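Chemist: below are the sequence and a predicted model; questions follow.
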Amino acid sequence: QVQLVESGGGLVQAGGSLRLSCAAVSRTFSPYVMTWFRQAPGKEREFVAAIQWSKSSTYYADSVKGRLTISRDNAKNTVYLQMNSLKPEDTGVYYCAAGMDYIGTFNYARTGLYDYWGQGTQVTVSS
(Lines give C-alpha, C1' and ligand atoms only; values in the text may rest on other atoms or scores of the structure.)
Protein backbone atom coordinates (compact mmCIF):
# COMPACT_ATOMS: atom_id res chain seq x y z
CA GLN A 1 0.00 0.00 0.00
CA VAL A 2 1.22 3.49 -0.87
CA GLN A 3 0.17 6.75 0.75
CA LEU A 4 0.80 10.00 -1.12
CA VAL A 5 1.06 13.14 1.00
CA GLU A 6 0.95 16.52 -0.72
CA SER A 7 2.04 19.86 0.65
CA GLY A 8 2.99 23.36 -0.45
CA GLY A 9 -0.30 24.83 -1.60
CA GLY A 10 -1.46 28.29 -0.62
CA LEU A 11 -2.56 31.73 -1.71
CA VAL A 12 -0.34 33.69 -4.07
CA GLN A 13 -0.72 36.74 -6.26
CA ALA A 14 -0.64 36.46 -10.03
CA GLY A 15 2.95 36.26 -11.24
CA GLY A 16 4.08 34.59 -8.05
CA SER A 17 5.51 31.13 -7.40
CA LEU A 18 4.73 28.05 -5.35
CA ARG A 19 6.39 24.67 -4.98
CA LEU A 20 4.24 21.63 -4.37
CA SER A 21 5.59 18.39 -2.94
CA CYS A 22 4.17 14.88 -2.99
CA ALA A 23 5.86 12.36 -0.72
CA ALA A 24 5.18 8.65 -1.00
CA VAL A 25 4.94 6.83 2.31
CA SER A 26 5.86 3.27 1.51
CA ARG A 27 8.54 0.75 2.38
CA THR A 28 9.26 0.33 -1.30
CA PHE A 29 8.21 2.75 -3.99
CA SER A 30 8.91 2.27 -7.65
CA PRO A 31 6.16 3.71 -9.80
CA TYR A 32 6.25 3.87 -13.57
CA VAL A 33 4.97 7.44 -13.67
CA MET A 34 4.07 10.21 -11.24
CA THR A 35 1.59 12.81 -12.38
CA TRP A 36 0.09 16.06 -11.16
CA PHE A 37 -3.55 16.83 -11.89
CA ARG A 38 -5.65 19.80 -10.88
CA GLN A 39 -9.33 20.45 -10.46
CA ALA A 40 -10.98 23.85 -10.51
CA PRO A 41 -14.44 24.39 -8.98
CA GLY A 42 -17.13 23.01 -11.26
CA LYS A 43 -14.63 21.51 -13.68
CA GLU A 44 -13.23 18.08 -14.35
CA ARG A 45 -9.86 17.01 -13.08
CA GLU A 46 -7.24 17.83 -15.70
CA PHE A 47 -3.72 16.68 -16.46
CA VAL A 48 -0.92 19.11 -15.56
CA ALA A 49 2.43 17.30 -15.75
CA ALA A 50 3.95 13.83 -15.55
CA ILE A 51 7.38 12.36 -14.95
CA GLN A 52 8.58 8.86 -15.66
CA TRP A 53 10.20 7.68 -12.44
CA SER A 54 13.16 5.80 -13.87
CA LYS A 55 13.97 7.87 -16.96
CA SER A 56 12.93 11.25 -15.56
CA SER A 57 11.25 12.08 -18.87
CA THR A 58 8.70 14.84 -18.40
CA TYR A 59 5.42 15.75 -20.08
CA TYR A 60 3.28 18.87 -19.72
CA ALA A 61 -0.12 20.21 -20.58
CA ASP A 62 0.16 23.00 -23.15
CA SER A 63 -1.35 25.48 -20.71
CA VAL A 64 1.55 25.13 -18.26
CA LYS A 65 4.57 24.64 -20.51
CA GLY A 66 7.35 27.06 -19.69
CA ARG A 67 5.84 27.99 -16.31
CA LEU A 68 5.53 24.75 -14.33
CA THR A 69 8.29 22.19 -13.85
CA ILE A 70 7.91 18.66 -12.54
CA SER A 71 10.86 16.89 -10.94
CA ARG A 72 11.50 14.00 -8.58
CA ASP A 73 13.90 12.89 -5.89
CA ASN A 74 14.12 9.11 -5.92
CA ALA A 75 15.95 8.94 -2.60
CA LYS A 76 13.13 10.81 -0.88
CA ASN A 77 10.31 9.17 -2.84
CA THR A 78 9.09 12.67 -3.59
CA VAL A 79 7.84 14.44 -6.68
CA TYR A 80 7.73 18.23 -6.96
CA LEU A 81 5.87 20.78 -9.01
CA GLN A 82 7.59 24.14 -9.24
CA MET A 83 5.03 26.70 -10.34
CA ASN A 84 6.22 30.08 -11.62
CA SER A 85 4.44 32.98 -13.30
CA LEU A 86 1.17 31.78 -11.81
CA LYS A 87 -2.11 32.93 -13.30
CA PRO A 88 -5.61 33.05 -11.79
CA GLU A 89 -6.61 30.19 -14.09
CA ASP A 90 -4.07 27.98 -12.29
CA THR A 91 -6.35 28.06 -9.23
CA GLY A 92 -7.61 24.68 -8.09
CA VAL A 93 -6.93 21.63 -5.97
CA TYR A 94 -3.74 19.92 -7.08
CA TYR A 95 -3.46 16.16 -6.78
CA CYS A 96 -0.52 13.87 -7.31
CA ALA A 97 -1.07 10.37 -8.60
CA ALA A 98 1.09 7.28 -8.97
CA GLY A 99 0.85 4.83 -11.83
CA MET A 100 2.66 1.70 -10.72
CA ASP A 101 2.55 -0.13 -14.04
CA TYR A 102 3.25 0.95 -17.59
CA ILE A 103 1.02 3.71 -18.93
CA GLY A 104 1.51 4.98 -22.46
CA THR A 105 2.32 8.65 -22.74
CA PHE A 106 -0.86 9.24 -24.68
CA ASN A 107 -2.81 7.96 -21.65
CA TYR A 108 -1.24 10.08 -18.94
CA ALA A 109 -4.37 12.23 -18.72
CA ARG A 110 -6.66 9.27 -17.98
CA THR A 111 -7.33 9.48 -14.25
CA GLY A 112 -8.71 5.93 -14.10
CA LEU A 113 -5.33 4.40 -14.91
CA TYR A 114 -3.63 5.58 -11.72
CA ASP A 115 -3.27 3.37 -8.65
CA TYR A 116 -2.78 5.87 -5.85
CA TRP A 117 -3.84 9.46 -5.22
CA GLY A 118 -2.94 12.12 -2.73
CA GLN A 119 -5.51 14.06 -0.74
CA GLY A 120 -5.00 17.25 -2.74
CA THR A 121 -3.60 20.67 -1.88
CA GLN A 122 -5.35 23.96 -2.63
CA VAL A 123 -3.67 26.55 -4.83
CA THR A 124 -5.32 29.94 -5.13
CA VAL A 125 -3.93 32.62 -7.43
CA SER A 126 -5.39 36.08 -6.95
CA SER A 127 -5.49 38.66 -9.72
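Modeler: The structure has been received and is ready for your questions. Numbering: from 1, shown residues only.

Chemist: with adjacent residues omitted, what lies nearest to the spatially most central residue of the chain?
Modeler: Taking C-alpha atoms, centre = their mean, the centroid of the chain lies closest to Trp36, which sits 1.9 Å from it. Closest residue to Trp36 apart from its sequence neighbours, by C-beta to C-beta, 6 or more residues apart in numbering: Val48 at 4.3 Å. C-betas here are computed from N, CA, C, even on glycine.

Chemist: before we move on, what about Gln13?
Modeler: Using C-beta to C-beta, 6+ apart, the closest residue to Gln13 is Ser126 (5.4 Å).

Chemist: count the residues that sit near the one you found.
Modeler: The tally of other residues near Ser126 (other C-beta atoms under 10 Å) stands at 11.

Chemist: who's in contact with it?
Modeler: 11-14, 88 (C-beta atoms under 8 Å, 6 or more residues apart in numbering).

Chemist: likewise Val2?
Modeler: By C-beta under 8 Å, 6+ apart, Val2 lies in contact with 24-26, 29, 98, 100, 115-116.

Chemist: try Tyr108
Modeler: Contacts for Tyr108 (C-beta under 8 Å, 6+ apart) come out as 33, 35, 47, 50, 59.

Chemist: Gly92 too?
Modeler: Contacts here follow C-beta under 8 Å, 6+ apart; on that basis Gly92 touches 38-41, 43, 122-123.

Chemist: just those residues: which has the poorest pLDDT?
Modeler: In terms of pLDDT, Pro41 ranks lowest among the contacts of Gly92, with 91.
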